[in-house]
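[1] any chance you could fold what I've pasted below:
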Amino acid sequence: MSKRLRIVTAIILTITTVSVLAVAFALSVRADRSPAEAKINYEDVMSNSLNVVKTQKDGYLVYAPEGKVEWALLFYVGTAMRADNYDAVMNSLASHGVAVIVSENALADLMYEETEKAFEEYPDAKYFIGGHSQGGGAAIRRAAENLDKTAGVILYSPMIVNDSTRKDKDIPAIYFEAENDRVLTADFKAESASRMNAECKFVYLQGANHMCYGAADFAPFDGENTRPLAEIQDEIALKTLKFVQRAINEYNE
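    Numbers count the residues shown, from 1 in each chain. A predicted model of the protein is given here:
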């Protein structure tokens, strides 16, 4: 391990310790979720009325759509986050036919598991692999190690400190960055973005903070959401869905 990587890892571990203590009391806090104008009916998604069955498994949470599953998303959570933190976005994906498996490993990059048993849930499916924050680091590594299973990469404000890269990988990717993210420094953001190739689709979420992808609305040092969370998450869900559909169409061509 290089000196630089050791320093970065130490910083992350410090942030992790603070986050575990500070975020724990806020995980159940939900921000204002007034429905925004969008193609996805936010109230229906949150009430789980779109034929999605959510099942707790050993080590992960599954959002299963009706019918045969040909496409799935394996998602790694941010530091100290619960798997159900991302209910709104994951429900919307599953309601459009993409099964979602959310790992409960809340330190998936720092405590990376060489074998991912979640793939056994849908062994014949093609997978998108995604993650939030340090979970994004785990996602890019998992994708690099499982090219035959991977249809695309979905990164939500990723923090990538491992050696994995997409520069030499011909896999579709979408990369979200939040305008008011104060958890990740400019150097962290630049380093993570540098791992992408020219074909990566970058999405800049205006008025959004580092935690905007889920229900927990607090993290140490983070900025504020200056738009309604429902509106931000509708944008995340819609752009993720468009990316997934485009990647599926390209794969089937």
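[2] what's the local residue count around the residue nearest to Tyr86 when sequence neighbours are not counted?
    The shortest distance from Tyr86 to any non-neighbouring residue, by Cβ to Cβ, 6 or more residues apart in numbering, is to Gly214 (4.7 Å). Using the backbone N, CA and C atoms, a C-beta is placed for each residue, glycine as well. Applying other Cβ atoms under 10 Å, we find 23 residues neighbouring Gly214.
[3] now Asp187
    Count around Asp187 with other Cβ under 10 Å applied: 9.
[4] and it, how far from Ala138?
    Distance of Asp187 to Ala138, given as Cβ to Cβ, to the nearest Å: 20 Å.
[5] re the thing from before, phi, psi for the residue nearest to Tyr86 please.
    Dihedral pair for Gly214: phi -140, psi -170, per degrees, to the nearest 10.
[6] tell me if I'm right that it and Ala80 touch.
    No. Checked against Cβ atoms under 8 Å, the pair Gly214 and Ala80 is beyond contact range at 11.5 Å.
[7] in the stretch 51-200 of the chain, which spans are helices?
    87-95, 134-145, 186-193 (DSSP state H, counting those that start in this stretch).
[8] show me what the second one is packed up against.
    Applying 3 or more Cβ pairs under 8 Å, 6 or more residues apart in numbering; DSSP states H and E, one finds that helix 134-145 contacts strand 71-76, strand 126-132, strand 150-156.
[9] switch to 10 Å and redo it
    helix 3-23, strand 71-76, strand 99-103, strand 126-132, strand 150-156, strand 173-178, helix 186-193 (3 or more Cβ pairs under 10 Å, 6 or more residues apart in numbering; DSSP states H and E).
[10] same deal with the shortest one?
    If contacts are counted by 3+ Cβ pairs under 10 Å, 6+ apart, helix 186-193 sits against helix 3-23, helix 134-145, strand 173-178.
[11] among these, which gets the worst mean confidence?
    Lowest mean pLDDT within the helices and strands packed on helix 186-193: helix 3-23, at a mean of 45.
[12] the longest helix in this structure is where?
    When the chain is parsed with DSSP state H, its longest helix is helix 229-252.
[13] buried residues in that one, which are they?
    Buried residues in helix 229-252, counted by 16 or more other Cβ atoms under 10 Å: 229-237, 239-241, 243-244, 247-248.
[14] swap in stretch 154-167?
    For stretch 154-167, by 16+ other Cβ under 10 Å, it's Ile154, Leu155, Tyr156, Ser157, Pro158, Met159, Ile160, Val161, Asn162, Ser164, Arg166.
[15] can you put those in TSV and add pLDDT and distance to Arg182?
    Listed next are those as TSV, based on pLDDT from 0 to 100; distance: Cβ to Cβ, whole Å:
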residue	pLDDT	distance to Arg182
Ile154	98	23
Leu155	97	18
Tyr156	98	16
Ser157	97	11
Pro158	95	16
Met159	92	13
Ile160	88	18
Val161	83	18
Asn162	82	23
Ser164	71	25
Arg166	62	25
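[16] just give me the closest of those residues to Tyr86.
    Using Cβ to Cβ, Tyr156 comes nearest to Tyr86 of the buried residues of stretch 154-167, at 8.7 Å.
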